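>>> Kindly generate the corresponding structure for this input.
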Amino acid sequence: MSRKLLTIFLMILIVIGAFWICGCESDAQTGTLIGTGVGAAAGQAIGEDTKSTLIGAGVGAAAGYMIGNESDKNQ
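Residues are numbered from 1 along each chain as shown. As a prediction, the model looks like this:
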């Protein structure tokens, strides 16, 4: 259980660090970045293997992009 929590914590730190380091120019890019991180963390927490992590990252990226793109359109 503690290894699982450590993995999730490290993934969250990596996503936050990547968010601050790379300057996203649009909400679509920001949404994709956040969605990928959250999706990867959720996939790892649920499936506990690489395949689940990659699927979660892909689904999260797609969802984040769609949400961010709609936000860009509204602006």
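
>>> how far away is residue 60 from residue 32?
9 Å (Cβ to Cβ, to the nearest Å). (Each C-beta comes from the backbone N, C-alpha and C, glycine too.)

>>> all helices for this structure, in order.
Under the criterion DSSP state H, helices of the chain are mapped to 2-21, 27-47, 50-74.

>>> how about the second one: buried residues?
Of the residues in helix 27-47, those buried under the neighbour-count criterion (16 or more other Cβ atoms under 10 Å) are 27-45.

>>> Likewise for the longest one?
Using 16+ other Cβ under 10 Å as the test for burial, helix 50-74 gives 52-53, 55-57, 59-61, 63-65, 67-69.

>>> can you give me the mean pLDDT across stretch 9-29?
Averaged across stretch 9-29, the pLDDT comes to 74.

>>> Leaving out sequence neighbours, find the closest residue to the spatially most central residue of the chain.
Closest to where the C-alpha atoms of the chain average out (Cα atoms, centre = their mean) is residue 37, at 1.9 Å. Spatial nearest neighbour of residue 37, chain neighbours left out: residue 15 (2.9 Å); criterion: Cβ to Cβ, 6 or more residues apart in numbering.

>>> Now for that neighbour, how many residues are close by?
When counting by other Cβ atoms under 10 Å, one arrives at 18 neighbours for residue 15.

>>> now residue 75
Residue 75: 6 neighbours (other Cβ under 10 Å).

>>> Pull up the gap between it and residue 36, please.
Counting by Cβ to Cβ, the gap from residue 75 to residue 36 is 22 Å.

>>> repeat for residue 69
Taken as Cβ to Cβ, the span from residue 69 to residue 36 is 15 Å.

>>> Please apply the same query to residue 45.
Per Cβ to Cβ, residue 45 is found 15 Å from residue 36.

>>> again with residue 12
13 Å.

>>> Now do the shared contacts for those two.
Residues touching both residue 12 and residue 36 by Cβ atoms under 8 Å, 6 or more residues apart in numbering: none at all.
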